[in-house]
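Novice: Just to be clear, the model below is a prediction. Sequence and coordinates:
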Amino acid sequence: MLRSILLTSSAALGFLALTSFAGADDHPHTKRAVTPTKMATTATGAMSADDLDYAKVTLIHAGTVLAVPGKAPLSKQTIIVHEGKIIGLSDGYLNDDEAAIIDLKNSFVLPGLIDSHVHLRGEWSPSQRLDGVTKEAGDVAYDAAANARKTLMAGFTAVQDVGGPKEIFALRRAVNAGKVDGPHIRASGPAVSITGGHGDAHGYREDILHLAASKTICDGPADCRRATRAAVKSGADVIKITATGGVLSNTNAGTAQQFFEDELEAIVGAAEKMGRKVTAHAHGKDGIEAALKAGVKSIEHGTYLDAETVRLFKKYDATLVPTVLAGMTVVDWATNKNWLPPNSAKKALEVGPQMQDMLRTAWEGGVNVAFGTDTGVSAHGDNAQEFIYMIEAGMSEQDAIKAATSIAAKHIEMDKKIGTLEAGKYADLIAVNGDPLDNIEELLDVDFVMKGGKVYKNK
């Protein structure tokens, strides 16, 4: 039965033939015209449906599948997985004596979720400032690994870590090597920031500040080119900058623009020369707009954007990562807890309440929105709470899920590998009991998680 399906499936044949080429795993989406009659002679050792090792095939029987968010879900499907990748989907529930079967007939299946803004290194707490000068690199690495696992178990099979320590690069390597459980990680490492800006260290003795100094702190265009190149050298997949002040930096410097225009242009130019895009932490309208005009591809937070800012987002085809959850979290701290430094508490009460309206303004104006939470401010594993704020801001359930799958995949430059359940992509998928298109809160309790064809959670 399964062999006959594969022999008549053009998507499956194309994928199987593609995997027979040397380097196919590195370039799984190189387009090649493959027909059934050509498969046997395409290359030495070419794989056909009859050659497929069915002991390495997994058949997922899915009651409902949202294979491509934005399109209608499918009913009673079999998702065919081979060695970590999706071969294709087939109507009905296929069976094969050699293949493994996963029964999700009573579940709603969709692509693994993607959080475009996390900080895996830790979580903010009353001891945060002390932790920064007492924890060693090993402590940070173990904390990050534990947080990565929490994130994966919550259904987030990929993340972008923007503004983390260099230990994140070690975690990325460990996850890729299968040494620890975690999502796919795209990372920036330390943010590029100005001296005294959000991203620099604040509020410690001078000798401790010297020890905390980062190679990505810069002043002036030439120095900012150097800092950008240093970030790339250390392993950055994307360049994160702090275009404005921030809430949790312990300084009375506000949340307006901090880089000068020539510095922003220098960073973007240096990043482009080295094949990297730039994303900007930005709250103030002036900083958001300066970053967009300089060529920054995405804005994290975007708190004080307005109609003119929305026009610039669309003009420059930029993406917003709204992180409303972080805004709501810091408001709670400032209102109900007494551990934020006074500078941060003041900014939290100013910034946080604006973020829900900000997302509504951006969405109604047609801005491209990618799901992101700033988790590490909020608790790891609670990432899906952002969905609730997205719905309250006027997004539909389908739009919110799309923002956390196909749109986020494109935003973090992994859309050739993840974001939809289509032939050739990684078998990254999750399942819930109810229909998240009717009730987004279903995503707060994920029952099944598969990443790269491996099951990590199955209630």
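Specialist: Perfect, I can see it now.
Novice: for the chain, longest strand please?
Specialist: strand 100-111 (DSSP state E).
Novice: That strand packs against which elements?
Specialist: strand 57-65, strand 74-82, strand 429-432, strand 448-451 (3 or more C-beta pairs under 8 Å, 6 or more residues apart in numbering; DSSP states H and E). From N, CA and C alone the C-beta is placed, and that goes for glycine too.
Novice: need those in CSV with mean pLDDT and mean neighbour count, can you?
Specialist: Putting the helices and strands packed on strand 100-111 into CSV (pLDDT from 0 to 100; neighbours: other C-beta atoms under 10 Å) gives the following:
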stretch, mean pLDDT, mean neighbour count
strand 57-65, 97, 23
strand 74-82, 97, 21
strand 429-432, 98, 25
strand 448-451, 98, 24
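Novice: Reformat these as CSV; add distance to residue 94.
Specialist: What follows is these, written out as CSV (distance: least, C-beta to C-beta, whole Å):
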stretch, distance to residue 94
strand 57-65, 6
strand 74-82, 4
strand 429-432, 17
strand 448-451, 17
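Novice: Identify whichever of these lies nearest to residue 400.
Specialist: Of all those, strand 429-432 sits nearest to residue 400, with 14.0 Å by C-beta to C-beta.
Novice: What pairs with the closest one, parallel or antiparallel?
Specialist: strand 100-111 (antiparallel), strand 448-451 (antiparallel) (DSSP bridges).
Novice: Name the surrounding residues that touch the first one.
Specialist: Meaning strand 100-111. 57-67, 69, 73, 76-77, 79, 93, 95, 401, 405-406, 418-421, 428-436, 442, 447-448, 455, 458 (C-beta atoms under 8 Å, 6 or more residues apart in numbering).
Novice: Which elements pack onto the very next helix or strand once past that strand?
Specialist: Downstream of strand 100-111, the first helix or strand assigned by DSSP states H and E is strand 113-118. With contacts taken as 3+ C-beta pairs under 8 Å, 6+ apart, strand 113-118 sits against strand 156-162, helix 406-411.
Novice: The helix or strand just after strand 113-118 - contacts with which helices or strands?
Specialist: Beyond strand 113-118 in the direction of the C-terminus, DSSP H and E gives the next helix or strand as helix 128-134. If you count contacts as 3+ C-beta pairs under 8 Å, 6+ apart, helix 128-134 packs onto no helix or strand.
Novice: Check the offset of helix 128-134 from the chain's centre.
Specialist: How far helix 128-134 lies from its chain's middle: 27 Å, per C-alpha atoms, centre = their mean, to the nearest Å.
Novice: could you measure residue 68 against residue 235, distance?
Specialist: Note on residue 68: its distance to residue 235, by C-beta to C-beta, to the nearest Å, is 32 Å.
Novice: State whether residue 70 and residue 406 are indeed in contact, as I suppose.
Specialist: Yes. With contacts counted by C-beta atoms under 8 Å, residue 70 reaches residue 406, the gap being 6.8 Å.
Novice: tell me the most buried of the helices and strands packed on strand 113-118?
Specialist: strand 156-162 (a mean of 30; mean count of other C-beta atoms under 10 Å).
Novice: got a list of what the nearest residue to residue 407 once chain neighbours are set aside touches?
Specialist: Sequence neighbours aside, residue 370 is the residue nearest to residue 407 in space, at 5.2 Å (criterion: C-beta to C-beta, 6 or more residues apart in numbering). Residue 370 makes contact with 116, 298, 319-321, 403-404, 407-408, 411-412, according to C-beta under 8 Å, 6+ apart.
Novice: On the strand side of things, show who residue 60 bridges to.
Specialist: Here residue 60, judged by DSSP bridges, has bridge partners residue 79, residue 102.
Novice: biggest helix in the protein, by residue count?
Specialist: helix 137-153 (DSSP state H).
Novice: other SSEs contacting it?
Specialist: helix 167-176, strand 448-451, strand 454-458.
Novice: which ones are touching residue 175?
Specialist: Counting by C-beta under 8 Å, 6+ apart, residue 175 touches 148, 181-185.
Novice: how much space is there between it and residue 263?
Specialist: 34 Å.
Novice: Equivalent analysis for residue 344, please.
Specialist: To residue 263, residue 344 is 25 Å away according to C-beta to C-beta.
Novice: With residue 303 instead?
Specialist: In terms of C-beta to C-beta, residue 303 sits 21 Å off from residue 263.
Novice: Tell me how many other residues crowd the residue nearest to residue 391 when sequence neighbours are not counted.
Specialist: Counting by C-beta to C-beta, 6+ apart, residue 440 is the residue found nearest to residue 391 once chain neighbours are left out, at 5.4 Å. Using other C-beta atoms under 10 Å, the number of residues around residue 440 comes to 20.
Novice: Most tightly packed of the strands paired with strand 429-432?
Specialist: Most buried of these, by mean neighbour count (mean count of other C-beta under 10 Å): strand 448-451, with a mean of 24.
Novice: related to what we said a few turns ago, what angle do the longest helix of the chain and strand 156-162 make?
Specialist: 140 degrees (axes from the mean of the first three to the mean of the last three C-alpha atoms, to 10 degrees).
Novice: List the buried residues for helix 137-153?
Specialist: Buried residues in helix 137-153, counting neighbours by 16 or more other C-beta atoms under 10 Å, are found at 140-141, 143-145, 147-153.
Novice: for these, which one is nearest residue 362?
Specialist: residue 151 (25.1 Å).
Novice: That closest one contacts residue 378, doesn't it?
Specialist: No. Residue 151 is beyond contact range of residue 378, at 11.7 Å (criterion: C-beta under 8 Å).
Novice: What residue spans form the domains of this structure?
Specialist: 2-112+421-458, 113-411 (automatic domain parsing).
Novice: how much space between the closest residue in space to residue 456 that isn't next to it in sequence and residue 271?
Specialist: Leaving aside its chain neighbours, residue 456 sits nearest to residue 449 (4.6 Å; criterion: C-beta to C-beta, 6+ apart). Shown here: residue 449 relative to residue 271, a distance of 33 Å by C-beta to C-beta.
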